[in-house]
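Visitor: Sequence and predicted model, in that order:
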Amino acid sequence: MRNARKWWWAGLAMTAALTSSVLVAPGGTATASEGSGPRTIIQLGDSYSSGEGGGWQGNSENSGGNRDGTDQARTQTSSGWVFNPDRVYEPGTWANECHRSKTAPITSVRQNAGNVDKMISVACSGAKSQNIWPAAAGGVAQHPGVAPQLTQLDSLISSADDVELVVIGIGGNDSGFGGVALRCLIDWAKTHGPLPYDAQHCKDEVAATAGDDISDAYYNTAKTIDQVRQTLSANGQPASTYRIVLTGYPAILPTALDDWIAGEGAGFDRNCPVRKADSQWINQHFVTRLNDVTRSIAEDKGVGFIDLRDAFGGHRLCEAGTVRGRRPPATRPAPSGSASWTCTPRAPGTRSRHSSTTGPRCPMWTTSATPSARTPNRCTRTTTARRRSASA
């Protein structure tokens, strides 16, 4: 999906896939063997793999300076504040729009698995399956100067490498999630906002085509797995020596109609820009189906699957029991150290659909969590109010 995220616990799940066979689907034959070359892990996929939004730590409506400390790409110099996206994204990936964050999920594997010598990420925000396949298999460049991901990978590995793990996160853009989200936002605005009034629900508009789009994602992802294996085989990496793991997608909005913040809907600028019934439909008939399809692909292809549908549990946009990352007035934003899950109108594009940089470092969020002052970059459960999910 365009402009999306990295979760620390997702990284831990990937680590488990690297260090054990627990996530390999029944029928899988991958039994990673010890090689003599650098132990290598690989990431392909869209923005949920590239780590979109990794430059934000909290949120603020203050557009000056470093936005109250929330914009980690800002640094202060003698001549003023300077925006340097290379502080948070891998060099060159801001300019080419792939936005590969330095805190993407795959980075947690390298940090926690041990003995990982080489990490290759060619994931790119906004990618579809055809942006992964090589040109000979129908692949196309995603952006000018950005070759298909497997074409890039082909030039980055060789038989000297000891490839252990390949993580693939793809399918959200194939299935048209961005278009569904936009349609729901527009229909909400027609009911509550300045657009001409129209009471139609977006779920009624997109339901007819959503099934076909998700079916396309099945066949496209299955083809992606085949193409990955072919590319690795051509570079001296037999399929029996590494693991492939597919990652699913999270629900970013509540499913239950009674699981919403009380009072949502009072004021155009403060309520959730999607109707409850539409949110429920998106989760039940889109996110859940897409994850189920991805799991089926994993089983059919004998690869692993990481289910992320509840990764934002307790922190979803508009979810009951959470508090907003900011409260009026805008001069009093939530402290960047505690607003790990935020939604900011100042983030370009649709990065507000993703967790901010500290959110990924908190594994297995459940009912509530706040950063621990005693242990930096760790989280402890507390009885305090939960932070509002989303991200910047």
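Guide: Right, received. Where do you want to start? Because the structure is predicted, anything quoted here is derived from the model rather than measured.

Visitor: Okay, now the unreliable bits of this protein?
Guide: Within the chain, the stretches with pLDDT under 70 are 1-35, 54-73, 193-194, 262-271, 322-392.

Visitor: Select the longest helix from it.
Guide: When the chain is parsed with DSSP state H, its longest helix is helix 202-234.

Visitor: got the buried residues for that helix?
Guide: 202-203, 205-206, 210, 213-214, 216-218, 220-225, 227-229, 231-232 (16 or more other Cβ atoms under 10 Å). Where you see a C-beta, it was placed from the backbone N, CA and C, and this is true even at glycine.

Visitor: Tell me how far residue 205 lies from residue 182.
Guide: 11 Å (Cβ to Cβ, to the nearest Å).

Visitor: Oops, could you answer that again for residue 284 instead?
Guide: Using Cβ to Cβ, residue 284 is found at 19 Å from residue 182.

Visitor: repeat for residue 218
Guide: Counting by Cβ to Cβ, the gap from residue 218 to residue 182 is 23 Å.

Visitor: Equivalent analysis for residue 95, please.
Guide: 25 Å.

Visitor: can you check residue 129 too?
Guide: For residue 129, the distance to residue 182 - Cβ to Cβ - is 21 Å.

Visitor: Surely residue 154 touches residue 231?
Guide: Yes. At 5.6 Å, residue 154 counts as touching residue 231 under the criterion of Cβ atoms under 8 Å.

Visitor: so what sits against both of those two?
Guide: residue 134 (Cβ atoms under 8 Å, 6 or more residues apart in numbering).

Visitor: can you give me the helices in the stretch 51-200 of the chain?
Guide: Taking DSSP state H, counting those that start in this stretch as the criterion, the stretch 51-200 of the chain carries its helices at 105-113, 149-154, 177-192.

Visitor: orientation of the longest one relative to helix 202-234 in degrees?
Guide: Interaxial angle of helix 177-192 relative to helix 202-234 (axes from the mean of the first three to the mean of the last three Cα atoms, to 10 degrees): 160 degrees.

Visitor: I'd like to know which elements helix 177-192 is packed against.
Guide: If you count contacts as 3 or more Cβ pairs under 8 Å, 6 or more residues apart in numbering; DSSP states H and E, helix 177-192 packs onto helix 202-234, helix 276-282.

Visitor: Residue 170 touches residue 46, doesn't it?
Guide: Yes. Under the criterion of Cβ under 8 Å, residue 170 lies in contact with residue 46, with a separation of 5.8 Å.

Visitor: Identify the contacts common to the two.
Guide: Between them, residue 170 and residue 46 share the contacting residues 127-128, judged by Cβ under 8 Å, 6+ apart.

Visitor: quick one, which of residue 129 and residue 182 is more surrounded?
Guide: Set side by side, residue 129 and residue 182 show more neighbours around residue 129, with 25 against 13, by other Cβ atoms under 10 Å.

Visitor: Could you report the neighbour count for the residue nearest to residue 256 when sequence neighbours are not counted?
Guide: If the residues on either side of it in the chain are set aside, residue 256 comes closest to residue 280, at 7.5 Å by Cβ to Cβ, 6 or more residues apart in numbering. Residue 280 has 17 neighbours, counted by other Cβ under 10 Å.
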